[in-house]
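K.L.:
Sequence plus the predicted model coming up.
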Amino acid sequence: MSLDPKYLEILKKDNFNEDDYITLNELAQAIRQRILEVVSKNGGHLSSCLGSVELIIAMHCVFDSPNDPFIFDVSHQAYAHKLLTGRWDSFETLRQTNGISGFTKPQESNHDYFIAGHSSTSISLGVGVAKAFLLNHSKNIPVVLIGDGAMSAGLAYEALNELGDRKYPMVIILNDNEMSIAEPIGAISKYLSQVIAGSFIQKIKSKVSNAFNKMPNATYLAKRFEESLKLITPGLLFEELGLEYIGPINGHNLKELINVFKLAKNLKKPIVVHTQTLKGKGYPYAEGHLEHWHGVSPFDMQKGVSLSQSTSKSPTQIFAQTLLEYAQNDSKIVGITAAMPSGTGLDLLIKHFPKRFWDVAIAEQHATTQASSLAKEGFKPFVAIYSTFLQRAFDQLIHDVGIMKMPVKFAIDRAGIVGEDGETHQGVFDIAYLKIIPNFTLFAPRDNATLKEAITFAKDFSDGPCAFRYPRKSFLLEDNLIQPTPFIYGKLEILQEAKSDILLIGYGNGVGRAIKCAQILKESNLECGIVDLRFLKPLDEVSLQNLGQRYSCWFIFSDSAKMGGVGESLCTLAQNYNLSIKIHSFEFEDTFIPHGITQEIESLMGANPQNIAKEILKIIGKENV
């Protein structure tokens, strides 16, 4: 069912009467229902999207998208924006293969200004837009929607620092869905803030400032005057940075939002509009600060329960439970995550040891650097961060961890294809960006049992930093299929010998892919040797040289980018030792991997075992192996 045209027409009006506000509230309800219907079937971000509906409706009522660019921070809360910009019907394909993205994406619509999936980039992007508008003599204005969580990252303040100095026109809508301000204080400060930002007070500020400039001690007097006004607004931080501030505003009151946005737009200054919203608004099961409703898998909309009930434990759960067991007996084990406590499993340890395990908010750089000093002080810090987010701390990995050779342990969750979140979240680059850093040790488990062994190895490893990676949801290799063995520094493990000269080398989750591929090849009467590489840095050079004498054709399996990946390391080794072998890597090509169901994306990229087995037979046939 398409969106009623009357709703789109009303968004174009300049002024609204009471009947219009009733219609706009009906629109808000229709949008929430549409979001619930689709996300309950497809999965996706829910609570933040339900909470930002009125904000986005008001943005479209006041500002001229796409001429006034809407810049959504992270953009996981932009579903209502998609529904209002020609994607009501196609919203059914949300996060599906070849469907619309769960984040803003300019290829979908010119109303999506920038692709986003990581936090805290929006204000910086807005500053760039504002500079371009100034140079082009444009009267349009960038509009930024940023959540209070994203305000915990340093990039946001770097941008605010320049913006407050340069005074470029910009409206920053701060979507505060975590803080709680008491009603009386909130109401008073809201009223005063609107008065301060109003034209009357702005004229007074301008005239008094001009007068002060003609008086002795003008700078001191002007500063005291400004400070006296700031005392009656809660936006001290933003005011001190040089920005105007209005708030807090009820983020679900459309009349109030529209009036304030109009006021902010007309100020022609950098201004922060502080709005307060309720996560999960309109869906009781998701309302409030409930992290598990942030991103959801398909669920029963009537009962509010997940439809996917897995019987096996995920790698994340195995990591959390194993580390907890060790932490109970070793007080030197500490842990850090960056705004993903439940996503990385560290919430379990924070609950048991709140003084030793920390969520430092969206601050991967800070998480990495403080872990280095913790290690220097004799602790065993585990930094649990998604592959795609750890790349945000690349300089710290080099400067603060690698150079000092600090024994920090990086537990890299969501390695490989993560599926529906798409380009910004695929965990395929960690191998490439970590293996180039001196002093790092890289290794990977192949299943849940060897993940436990990886944690055991990491906790006692003291000769520099180490990093181990594991996939989202589950390993390809079933539990208990192969007996686990302890990790021995720099040593690979031969899982299967063969009479042929074909060797399948797997790294991490790639071992499971190699084994499944070998099973398919066996049906074509081709026996293959199988190796679990275990360590990528350092490589087991002696064993690999010996394998080079036995097997002349190597096929590499790893859920990572081909460029800078496992195959490249093995090609370098073969060249260094003049091994007469041919190496073919089934890592991912040099492209950004789109969103979609993981299995479908793997098939699309030819990375499923069936396609790989066919490719191997084709290669062997061509090369007469």
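P.N.:
Everything's here; your move.
K.L.:
what's the burial count for the closest residue to T424 other than its chain neighbours?
P.N.:
Distances taken as CB to CB, 6 or more residues apart in numbering place G117 nearest to T424, at 2.5 Å, with adjacent residues excluded. In short, each C-beta sits where N, CA and C put it, glycine included. G117 has 21 neighbouring residues, counting by other CB atoms under 10 Å.
K.L.:
Backbone dihedrals for G117, please?
P.N.:
The phi and psi values for G117, taken as degrees, to the nearest 10, are phi -160, psi -20.
K.L.:
likewise Y386?
P.N.:
The phi/psi pair for Y386 (degrees, to the nearest 10) is phi -60, psi 150.
K.L.:
ok, for it, nearest residue in space, not its chain neighbours?
P.N.:
R414 (4.2 Å).
K.L.:
Count the neighbours of the one you found for me.
P.N.:
For R414, using other CB under 10 Å, the count is 28.
K.L.:
Would you check how far apart it and Q575 are?
P.N.:
Per CB to CB, to the nearest Å, R414 is found 33 Å from Q575.
K.L.:
can you pull the contacts of the residue nearest to Y386?
P.N.:
G343, Y386, S387, T388, H425, G427, P471, R472 (CB atoms under 8 Å, 6 or more residues apart in numbering).
K.L.:
What distance do you get for it to E493?
P.N.:
R414 is 25 Å from E493, by CB to CB.
K.L.:
Could you report the distance from the residue nearest to Y386 to T591?
P.N.:
Applying CB to CB, the value for R414 to T591 is 19 Å.
K.L.:
go on, N42?
P.N.:
Between N42 and T591 the computed distance is 24 Å (CB to CB).
K.L.:
What of D347?
P.N.:
Taken as CB to CB, the span from D347 to T591 is 34 Å.
K.L.:
and what of S474?
P.N.:
S474 sits 25 Å away from T591 when distances are taken as CB to CB.
K.L.:
Counting neighbours, go ahead and name the busier of those two.
P.N.:
S474 (18 against 11).
K.L.:
for the stretch 401-550 of the chain, which spans come out with low pLDDT?
P.N.:
The model of the stretch 401-550 of the chain has no residue with pLDDT under 70.
K.L.:
I'd like the mean pLDDT over whatever helix or strand I336 lives in, please.
P.N.:
Per DSSP states H and E: I336 is located in strand 333-337. Average pLDDT, strand 333-337: 98.
K.L.:
if I look at the most centrally placed residue in the chain, how far off is P106?
P.N.:
With distances taken as CA atoms, centre = their mean, H118 lies nearest the centre of the chain, 4.4 Å away. Separation of H118 from P106 (CB to CB): 16 Å.
K.L.:
So which of the contacts of R414 is surrounded by the most neighbours?
P.N.:
S387 (29 neighbours).
K.L.:
ok, for that one, nearest residue in space, not its chain neighbours?
P.N.:
Per CB to CB, 6+ apart, closest to S387 is G427, 3.0 Å.
K.L.:
residues in contact with that neighbour?
P.N.:
G427 touches Y386, S387, T388, I412, R414, A415, G416, I417, V418, R469, R472, D559, counting by CB under 8 Å, 6+ apart.
K.L.:
go on, A116?
P.N.:
A116 neighbours (CB under 8 Å, 6+ apart): I71, F72, D73, V74, S75, F103, T104, S122, T424.
K.L.:
want to try JSON lines for the residues you listed, with distance to L236, neighbour count and secondary structure as columns?
P.N.:
Below are the contacts of A116 laid out as JSON lines (distance: CB to CB, whole Å; neighbours: other CB atoms under 10 Å; DSSP: H, G, I helix; E, B strand; the rest coil):
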{"residue": "I71", "distance to L236": "25", "neighbour count": "25", "secondary structure": "strand"}
{"residue": "F72", "distance to L236": "26", "neighbour count": "28", "secondary structure": "strand"}
{"residue": "D73", "distance to L236": "22", "neighbour count": "29", "secondary structure": "coil"}
{"residue": "V74", "distance to L236": "26", "neighbour count": "24", "secondary structure": "coil"}
{"residue": "S75", "distance to L236": "29", "neighbour count": "29", "secondary structure": "coil"}
{"residue": "F103", "distance to L236": "33", "neighbour count": "28", "secondary structure": "coil"}
{"residue": "T104", "distance to L236": "31", "neighbour count": "24", "secondary structure": "coil"}
{"residue": "S122", "distance to L236": "22", "neighbour count": "29", "secondary structure": "helix"}
{"residue": "T424", "distance to L236": "34", "neighbour count": "19", "secondary structure": "coil"}
